[in-house]
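Trainee: got a predicted model here, sequence first, then my questions.
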Amino acid sequence: MDIQISKTTTPKSRPPESELGFGRFFSDHLFAMDFSADKGWHDARIQPYGPFQVDPAAGVFHYGQAMFEGSKAFCGDDGVLRLFRPMAHAERMMAGAPRLCMPTPSAEQMVEACKALVRVDADWVPKASGTSLYLRPTLIATEGFLGVRPANEYRYFIIASPVGSYYGGSGLKPVRIWVETVDVRAPRGGLGAAKAGANYAASLHAAVKAKKAGFDQVLWLDGQTHELVEEVGTMNLFALLGNTLITPPLSDSILAGVTRDSVITLSKDLGLTVEQRALSVKELRAAHAKGELREVFGTGTAAVVSPVGELAFAGETLRINDGAPGALGLKLYETITGIQRGALKDAHGWMVTV
């Protein structure tokens, strides 16, 4: 892929790594390329970060043709820049885009674009423990028209943000979760398996209510019976019942998380039994009553592993592991972040050198 590079003449000052937070700062450049029905993907470029000019009638605004990915680049303890499982992220976008009738660049092109942007903005990759350069590949419909149909023009672009802890502070902070029984993140037959912007818009209403009530996020249940757990916040869910790690099976209402897949692999490496099966609220309550609900945690690119300290229902709260991070969640977090920083052996070949 021929990528034209135009560097900024007004570079930004770097924020202190202790003040990064998540998604607050953006690097000097972005990658972009365009698609049209007659040209295919073309005009690959790295340019100074800044606003796009997009037609007010663009399909992204009116018909919601928008999806994104999230991956990370790390500066290893050896000073080498690496990406964590970039091909898996690219392949997930390729798998989800057809549900929105959107074309994508090839997985190889998307990985090449991520590498190219990280090379140009290498100085933006933070070095402190717990930090990374978060990459946000995004795909939007740009053709201006009115009429319900797939667009004929698209833009694929990547922005980069130096980040610290997703929830702020250091270490793993257990979160308080509200079990949502009315709103649905993604129904069966919908967009839940694609990382579509619409799924996140659908989650905001319940998430805002939960936060106003003092909770950190929402546990989503299935859209038909409101009895089966699906995702927690914007993450995949895991529960350790006795010595068995359980996660809901993938479906068209659950996103196939790259961190989820990594956790399953590493848990099996540790000798744990891992089951991908339906998990009901009733089973969680029963296991808690018996003292068998040892841990609950979410997994995702942004937070990696997020322990759940409390699951709250109307008039009932399940306190998990006395509200503290569990040993398994902590082990998985330390293993994944250790691999990402080059401190632990990358036995599965997940890291890709920039």
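Mentor: Good, I have the coordinates.
Trainee: verify the stated contact: residue 221 with residue 181.
Mentor: Yes. Assessed by Cβ atoms under 8 Å, residue 221 is found in contact with residue 181 at 6.4 Å. Just so you know, the C-beta spots here come from the backbone N, C-alpha and C atoms, and that holds for glycine as well.
Trainee: more neighbours: those two, which one.
Mentor: Taking other Cβ atoms under 10 Å, residue 221 and residue 181 do not tie; residue 221 has more neighbours (22 against 14).
Trainee: how far away is the more buried one from residue 342?
Mentor: Distance from residue 221 to residue 342, counting by Cβ to Cβ, to the nearest Å: 39 Å.
Trainee: do residue 102 as well
Mentor: Distance, residue 102 to residue 342, by Cβ to Cβ: 35 Å.
Trainee: those two: which is more packed in?
Mentor: Neighbours per residue (other Cβ under 10 Å) separate residue 102 from residue 342, with residue 102 holding more: 23 against 17.
Trainee: so that one: helix, strand or coil?
Mentor: Judged by DSSP: H, G, I helix; E, B strand; the rest coil, the three-state class of residue 102 is coil.
Trainee: wait, it touches residue 153, no?
Mentor: No. Using Cβ under 8 Å, residue 102 makes no contact with residue 153, being 10.9 Å away.
Trainee: overlap in contacts, those two.
Mentor: residue 141 (Cβ atoms under 8 Å, 6 or more residues apart in numbering).
Trainee: quick check, central residue of the protein?
Mentor: Among the residues of the chain, the one closest to the centroid is residue 301, at 4.4 Å (Cα atoms, centre = their mean).
Trainee: just the pLDDT for that one.
Mentor: On pLDDT, residue 301 comes in at 96.
Trainee: now the one 3 residues further on
Mentor: Residue 304 carries a pLDDT value of 95.
Trainee: low-scoring stretches of the stretch 151-300 of the chain, by residue?
Mentor: Scanning the stretch 151-300 of the chain for pLDDT under 70 picks out 167-171.
Trainee: could you pull out the helices for it?
Mentor: Along the stretch 151-300 of the chain, counting by DSSP state H, counting those that start in this stretch, helices occupy 197-212, 258-269, 281-289.
Trainee: now mean neighbour count and distance to residue 68 too, for those, in a markdown table please.
Mentor: A markdown table is the format used below for the helices of the stretch 151-300 of the chain (neighbours: other Cβ atoms under 10 Å; distance: least, Cβ to Cβ, whole Å):
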| stretch | mean neighbour count | distance to residue 68 |
| --- | --- | --- |
| helix 197-212 | 16 | 7 |
| helix 258-269 | 19 | 14 |
| helix 281-289 | 16 | 30 |
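Trainee: where exactly do the strands run in the stretch 101-250 of the chain?
Mentor: With strands called from DSSP state E, counting those that start in this stretch, the stretch 101-250 of the chain shows them at 132-141, 153-163, 175-179, 217-221, 229-232, 235-241, 244-247.
Trainee: tell me what angle the fourth one forms with strand 175-179.
Mentor: Computed by axes from the mean of the first three to the mean of the last three Cα atoms, to 10 degrees, the angle separating strand 217-221 from strand 175-179 equals 40 degrees.
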